[in-house]
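K.L.:
Quick one, what's the 3D model for this:
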Amino acid sequence: MRFARLITCALMVVRSAHADPAEALRLFDEGRALAKDGKYAEACERFGKSIAIQRTIGTELNLGECQEHLGHLREAWGLYLAGAGDAAAEGDAKRATFGRERAAALEPMMTIVVVKVAQPKLNNLLITIGGRATQPIAEIHERADPGDIEVIATAPGLPQIKLSKPGVAGGETTFEIPRMDPNAPIETPEKLIAIDGARSTSYVRVAYGLGIGGAASAITAIALTVIAREHYNTAADGMDCMKVTGGIRCDDAGTKAIHDAQHLADIGTVFAIGGVALLGSAAIVYLTAPRDQIFVRPQASAHGAGVVIGGSF
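P.N.:
Numbers count the residues shown, from 1 in each chain. I've put the predicted structure just below:
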């Protein structure tokens, strides 16, 4: 299963009304100290509590490293990729590269799990791989720690299916979940047809955030420019200045007023440049946003035929 996670806006938002950044930082610092002493179980516990309060790139990557030391490779792999995705969204190339490289280094040490599902559209079907819930689709591709791998499929009112096989590092283990409900529609074996859907919601939200920030900067720039112009004209036309050939001449008070107006105009220029940069970034993020995949699968039963539409969002 393709692992993707885009979860960070360029304009930071509060993740929870009850978030306590100071407490999250305290737990993070305790986790770092414990990890340096080799107390990884305790460190993971602190990082886990910290990330539950406030998710940050540093906490994700440190918790991933901690889980790796404990041998929880799949958990560490997911955290590295999550941290890399968040870092890339924030323009932090160094930590994005670090997360991707650490995740790539773990891949040969894990088992690729393939689960073929006879009835992926079964109502309220739940499939777990090694205790981790995953989206039911016709063929699931996941990763797991080497060793005994357990796959469980449950659906309301139907017998549970529990499968277990050993998995080896760098190998592939395949499971097949048979039909669970004989009365459910028969799904045809044709391949899913993928079509492009709407742009990724996460990217669109980032683009909107950047656009709002850019618009706010542009409005601020206009306001400051107007105020600066008014102050300049007031000073130039006041008693402290007089018009001469080629410009104006002012006493100390008038010179200071003119200088203050020009300084205000300079600040407005900075806001204008920032607004243009943010609006340009918003356009780039929006136009390059990947589109969600919508899948169409023909379906037939004894009572008729049709199509099933699903997606990966």
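
K.L.:
gap between residue 123 and residue 135?
P.N.:
From residue 123 over to residue 135 the distance is 15 Å, taken as CB to CB, to the nearest Å. Where you see a C-beta, it was placed from the backbone N, CA and C, and this is true even at glycine.

K.L.:
go on, residue 87?
P.N.:
Between residue 87 and residue 135 the computed distance is 25 Å (CB to CB).

K.L.:
higher neighbour count, the two?
P.N.:
Neighbours around residue 87 and residue 135, counted as other CB atoms under 10 Å, are more numerous at residue 87. The numbers are 23 against 12.

K.L.:
remind me which residues of the stretch 151-300 of the chain are low pLDDT?
P.N.:
185-200, 289, 291-300 (pLDDT under 70).

K.L.:
Please enumerate the strands of it.
P.N.:
All strands of the stretch 151-300 of the chain, identified by DSSP state E, counting those that start in this stretch, fall at 161-167, 172-177, 186-187, 193-199, 241-244, 247-250, 291-301.

K.L.:
Direction included, what does the first one pair up with?
P.N.:
Using DSSP bridges, strand 161-167 pairs in its sheet with strand 147-154 (antiparallel).

K.L.:
could you check the angle strand 172-177 makes with the strand it pairs with?
P.N.:
20 degrees (axes from the mean of the first three to the mean of the last three CA atoms, to 10 degrees).

K.L.:
Would you indicate which residues of strand 147-154 are buried?
P.N.:
Across strand 147-154, burial judged by 16 or more other CB atoms under 10 Å covers 149, 151, 152, 153.

K.L.:
and if you look at stretch 40-57?
P.N.:
So for stretch 40-57, counting by 16+ other CB under 10 Å, buried means 40, 43-47, 49-51, 53-57.

K.L.:
ok, for residue 149, nearest residue in space, not its chain neighbours?
P.N.:
The shortest distance from residue 149 to any residue other than its chain neighbours is 4.6 Å, reached at residue 167 (CB to CB, 6 or more residues apart in numbering).

K.L.:
number of nearby residues for that neighbour?
P.N.:
20.

K.L.:
so what's it bridging to?
P.N.:
Using DSSP bridges, the bridge partners assigned to residue 167 are residue 147.

K.L.:
so residue 177 touches residue 117, yeah?
P.N.:
Yes: with contact defined as CB atoms under 8 Å, residue 177 counts as touching residue 117 (4.9 Å).

K.L.:
quick one, domains of the chain?
P.N.:
The chain breaks down into these domains under automatic domain parsing: 21-108, 111-181, 201-287.

K.L.:
show me what contacts the residue nearest to residue 173 when sequence neighbours are not counted?
P.N.:
In space, and not counting its chain neighbours, residue 173 is closest to residue 167: 4.5 Å by CB to CB, 6+ apart. Residue 167 sits next to 111, 113, 144, 145, 146, 147, 148, 149, 173 when contact means CB atoms under 8 Å, 6 or more residues apart in numbering.

K.L.:
The same query, at a cut-off of 6 Å, please.
P.N.:
Residue 167 sits next to 111, 144, 146, 149, 173 when contact means CB atoms under 6 Å, 6 or more residues apart in numbering.

K.L.:
Give me the pLDDT for the fourth one.
P.N.:
Think residue 149. pLDDT, residue 149: 95.

K.L.:
Give me the sheet partners of the helix or strand containing residue 140 and which way each runs.
P.N.:
Per DSSP states H and E, residue 140 falls inside strand 139-144. Note on strand 139-144: by DSSP bridges, its sheet partners are strand 111-117 (antiparallel).

K.L.:
residues in contact with the next helix or strand after the strand it pairs with?
P.N.:
Under the assignment DSSP H and E, the closest C-terminal helix or strand after strand 111-117 is strand 126-129. Contact with strand 126-129 is made by 113, 134, 136, 142, 151, 152, 153, 154, as judged by CB under 6 Å, 6+ apart.

K.L.:
Leaving out chain neighbours, which residue sits closest to the first one?
P.N.:
For residue 113, the nearest residue in space outside its immediate sequence neighbours is residue 142; the separation is 4.6 Å by CB to CB, 6+ apart.
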